[in-house]
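Engineer: need coordinates for the following:
(4 chains)
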There are 2 protein chains.
Amino acid sequence: MEARRDVYQAIADPTRRAIINMIATQPQNVNAIAEKFDVTRQAISLHIKILNDCGLLAVKKQGRDRVCEARLEQLSEVSAFVDQYRQHWESKLDSLEKYLAKLKQERHGEQH
Amino acid sequence: MEARRDVYQAIADPTRRAIINMIATQPQNVNAIAEKFDVTRQAISLHIKILNDCGLLAVKKQGRDRVCEARLEQLSEVSAFVDQYRQHWESKLDSLEKYLAKLKQERHGEQH
DNA sequence: CCATTATGCAAGTATATGCTTGCAAATATA
DNA sequence: TATATTTGCAAGCATATACTTGCATAATGG
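Structural biologist: Just a heads-up that it's a prediction; the model follows:
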């Protein structure tokens, strides 16, 4: 389990996206995170390790607890990738919007 | 190879991101795409299948060619996920920007 | 019609991934 | 100090992933 370890790979897993979601608003320790999922603590611990490896979270040692804090700056890379194609889907939505607007207008025309 | 098949998984692979990049501006057939990579045509064909499965591209049959066209609307899902954390990294950049601006101003102060 | 070209399908392989159980280490609490 | 809690590490396992080679199919062009 030591291969490609980038932010795309990290967010590919739904459990890891959920973990990100959990700690984005409030840092939490490993056990607190693990309790919210059906899998074992070790499974979650590994997900946290992966997220840590690619810089999406930072672990702070507080006594015997290890508190996980979101570090989501790396997501800007994904944002940049997606945004360069924004026109591809935004224009589609625009088209749909225009189509619906036109449709609505035509219906109004019918009624009047 | 029939498991999780979502857009996050699709863009996790660098080859698939490269394929997306290639066909985003200009649709191309399978062989034309495969020629640009070091792996075999079959490997690329599988990547195309995966991209097709999750709706990131459409395949149009033209004679014996199969032309791949980008369909990047699905990326809006990734965009939505990333954007909800935008403050996490944008504020960091803002801080850095402000810091640099301040630094620059202070240097000006020294010189004058 | 036959050779070429574009492509898919199937089988096989090495490694990655996601998960488990078991155990050890470190810290906190009674 | 004895016990409980938080966590990491290691081994093992089933499946997914990324890739290969070999062969079949379908369309094009001489």
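Engineer: pLDDT wise, what is the residue nearest to residue A:73 when sequence neighbours are not counted at?
Structural biologist: Closest residue to residue A:73 apart from its sequence neighbours, by CB to CB, 6 or more residues apart in numbering or on different chains: residue B:89 at 3.9 Å. Backbone N, C-alpha and C define where each C-beta goes, glycine included. We have a pLDDT of 81 for residue B:89.
Engineer: same question for residue A:105.
Structural biologist: Value listed for residue A:105 in the pLDDT field: 64.
Engineer: need the three-state assignment for the residue nearest to residue A:73.
Structural biologist: Put simply, residue B:89 is helix when judged by DSSP: H, G, I helix; E, B strand; the rest coil.
Engineer: so who does it touch?
Structural biologist: By CB atoms under 8 Å, 6 or more residues apart in numbering or on different chains, residue B:89 lies in contact with A:72-76.
Engineer: which positions in stretch A:20-28 come out as buried?
Structural biologist: Neighbour-count burial for stretch A:20-28, counted by 16 or more other CB atoms under 10 Å in any protein chain shown, picks out A:20, A:22-24, A:27-28.
Engineer: select from the residues you listed every entry located in helices.
Structural biologist: Using DSSP state H, the members of those that fall within helices are A:20, A:22-24.
Engineer: so which bits of stretch A:38-51 are buried?
Structural biologist: Quick answer for stretch A:38-51 (16+ other CB under 10 Å): A:44, A:47-48, A:50-51.
Engineer: actually stretch A:58-77, sorry about that
Structural biologist: Quick answer for stretch A:58-77 (16+ other CB under 10 Å): A:59, A:66-68, A:70-76.
Engineer: near chain B, which residues of chain A are found?
Structural biologist: When proximity is defined as CB under 8 Å from any CB of the partner chain, chain A approaches chain B at A:4, A:8-9, A:11-12, A:14, A:17, A:20, A:24, A:70-76, A:78-79, A:81-83, A:85-86, A:88-90, A:92-93.
Engineer: please identify which of the buried residues of stretch A:38-51 is nearest to residue B:32.
Structural biologist: Nearest to residue B:32 out of the buried residues of stretch A:38-51 is residue A:50 (CB to CB; 35.4 Å).
Engineer: what about the closest one, which helix or strand?
Structural biologist: Under the criterion of DSSP states H and E, residue A:50 resides in helix A:41-53.
Engineer: for that helix, which outside residues touch it?
Structural biologist: Here helix A:41-53 makes contact (CB under 8 Å, 6+ apart) with A:1, A:5, A:9-10, A:13, A:15-16, A:19-20, A:30-31, A:33-34, A:37, A:57-59, A:68.
Engineer: buried ones from those residues, can you make that a ChimeraX selection?
Structural biologist: Per 16+ other CB under 10 Å, the buried members of the contacts of helix A:41-53 correspond to this ChimeraX selection:
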select /A:9,10,13,16,19,20,30,33,34,57,59,68
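Engineer: out of the contacts of helix A:41-53, which are inside strands?
Structural biologist: Among the contacts of helix A:41-53, the ones falling in strands (DSSP state E) are A:57-59, A:68.
Engineer: and which of the residues you listed is nearest to residue B:101?
Structural biologist: The closest of these, once distances to residue B:101 are taken by CB to CB, is residue A:58, at 26.5 Å.
Engineer: touching, that closest one and residue A:66? I think so.
Structural biologist: No: between residue A:58 and residue A:66 there is no contact, the gap being 10.4 Å when judged by CB atoms under 8 Å.
Engineer: alright, I will stop here.
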